[in-house]
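# missing the sequence, but the structure's below:
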């Protein structure tokens, strides 16, 4: 089965440096096949014929920690889940919403419905977010760097781990995952 691993918080602001060539070698050392990386922000596509996503992440986290000397969370999605994430973006229908201002925040766990429906979050001017399952779709017209709708806020409010990718990256990851 083809998977996508999203590593949280590596190679950001000069912290938790993990060259992607080395990350690729870590995945290969775990006997994953067809390992490919994209960008420096911790995106790895790979094939694994054994195990389930829930068992893959802790194994990868431990190996990354042993290799690089710091811990990082790893969120796993299947290729099919990634296709569904792209197909079901509820913020796509807005003709005025620029693609370069769209983001997806991936959550480790599905948030409790009561908590998710009662969030006390005040988006900035023109900002929107929609929680669907284990993803938060974002529209940030002033860019992700200026929004309060960031990983830390969602992690605190939803009590889970989060990592965000821009819409271009999400779509590119699907294209890469479809390559043999």
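Received the coordinates, thanks. Here the structure is a predicted model, which is why all the values come from computation and not from measurement.

# and the residue nearest to residue 71 when sequence neighbours are not counted, how many neighbours?
Distance criterion Cβ to Cβ, 6 or more residues apart in numbering; nearest residue to residue 71, sequence neighbours excluded, is residue 65 at 4.8 Å. All C-beta spots, glycine's among them, are computed from the backbone N, C-alpha and C. If you count neighbours by other Cβ atoms under 10 Å, residue 65 ends up with 12.

# so how far is the host helix or strand of residue 65 from its chain's centroid?
Element membership of residue 65, judged by DSSP states H and E, is helix 53-68. Mean-position distance between helix 53-68 and its chain equals 16 Å (Cα atoms, centre = their mean, to the nearest Å).

# Which SSE is immediately downstream of that helix?
strand 74-78.

# what is the mean pLDDT for that following strand?
Per-residue pLDDT over strand 74-78 has a mean of 97.

# Same check on stretch 161-170?
97.

# Straight-line length of that stretch, end to end?
End-to-end distance of stretch 161-170: 18 Å, with Cα to Cα, to the nearest Å as the criterion.

# hmm, back to that, which elements pack onto the helix holding residue 65?
Judged by 3 or more Cβ pairs under 8 Å, 6 or more residues apart in numbering; DSSP states H and E, the packing partners of helix 53-68 are strand 2-7, helix 20-29, strand 74-78.

# can you list the ones you listed in a markdown table and add mean neighbour count and distance to residue 54?
Listed next are those as a markdown table, based on neighbours: other Cβ atoms under 10 Å; distance: least, Cβ to Cβ, whole Å:
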| stretch | mean neighbour count | distance to residue 54 |
| --- | --- | --- |
| strand 2-7 | 23 | 12 |
| helix 20-29 | 16 | 17 |
| strand 74-78 | 20 | 8 |
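
# Quick one: these as a markdown table, columns for distance to residue 43 too.
A markdown table is the format used below for the helices and strands packed on helix 53-68 (distance: least, Cβ to Cβ, whole Å):
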| stretch | distance to residue 43 |
| --- | --- |
| strand 2-7 | 6 |
| helix 20-29 | 9 |
| strand 74-78 | 11 |
